[in-house]
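J.: Predicted structure and sequence below. I'll ask about it afterward.
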Amino acid sequence: MKKLLVGLVAGALALGATAGFAADPVTLQLKWVTQAQFAGYYVAKDKGFYSDEGIDITIKPGGPDVAPEQVIAGGGADVIVDWMGGALAAREQGVALVNIAQPFKKSGLLMICPKDGPVQTEADFKGHTLGVWFFGN
């Protein structure tokens with residue numbers, strides 16, 4: 001994008017244009033409160049990476065009463081950070097979401113069972129009850 005912006009600016013100058021480009025406002029809604037898992041977004045803002053790309057970023061922290069899928073559906077954000085399960089459930093309910101990135105190498109959501117229990121592999125889940133964290137995770 002930086003090369004594209006530089007190319008656009010150079011082209012505009014070559015045509016004799018003198019008007020400047022305003023940064024595009026973008027609101028990012030986080031899934032949870034500000035903490036280490038979101039540090040990259042804040043560091044990028046602090047270091048000017050967004051502004052270097054022509055983006056005026058607003059980062060909104062989440063919390064226990066914030067559902068990013070509802071925020072974006074209501075127009076309160078342009079981009080959200082969400083678990084895939086929550087995003088898919090929102091799509092199923094009609095929210096027009098598109099997955100644009102997977103920033104984590106591994107999911108923070110893990111499945112665990114007692115070491116000496118009947119479930120030792122994925123194949124062993126059949127016929128057993130699976131509990132999940134509330135709110136679509």
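T.: All right, it came through fine.

J.: tell me which strands and helices the helix or strand where residue 86 lies is in contact with?
T.: Under the criterion of DSSP states H and E, residue 86 resides in helix 84-92. Contact analysis of helix 84-92 by 3 or more Cβ pairs under 8 Å, 6 or more residues apart in numbering; DSSP states H and E lists helix 68-73 as its packing neighbours. C-betas here are computed from N, CA, C, even on glycine.

J.: which residues are contacting the helix it packs on?
T.: With Cβ atoms under 8 Å, 6 or more residues apart in numbering as the test, helix 68-73 has contacts from 29-31, 60, 62, 77-82, 86-87, 89-90, 95, 97, 136.

J.: mind saving the C-alpha coords of that helix as PDB?
T.: Only the C-alpha atoms of helix 68-73 are listed here, as PDB (Å, rounded to 0.1, in the frame of the first residue of the first chain):
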ATOM      1  CA  PRO A  68     -17.200  -6.900  18.200                       C
ATOM      2  CA  GLU A  69     -19.700  -8.500  15.800                       C
ATOM      3  CA  GLN A  70     -22.500  -6.300  17.000                       C
ATOM      4  CA  VAL A  71     -20.200  -3.200  17.000                       C
ATOM      5  CA  ILE A  72     -19.300  -3.700  13.300                       C
ATOM      6  CA  ALA A  73     -22.900  -4.600  12.400                       C
END
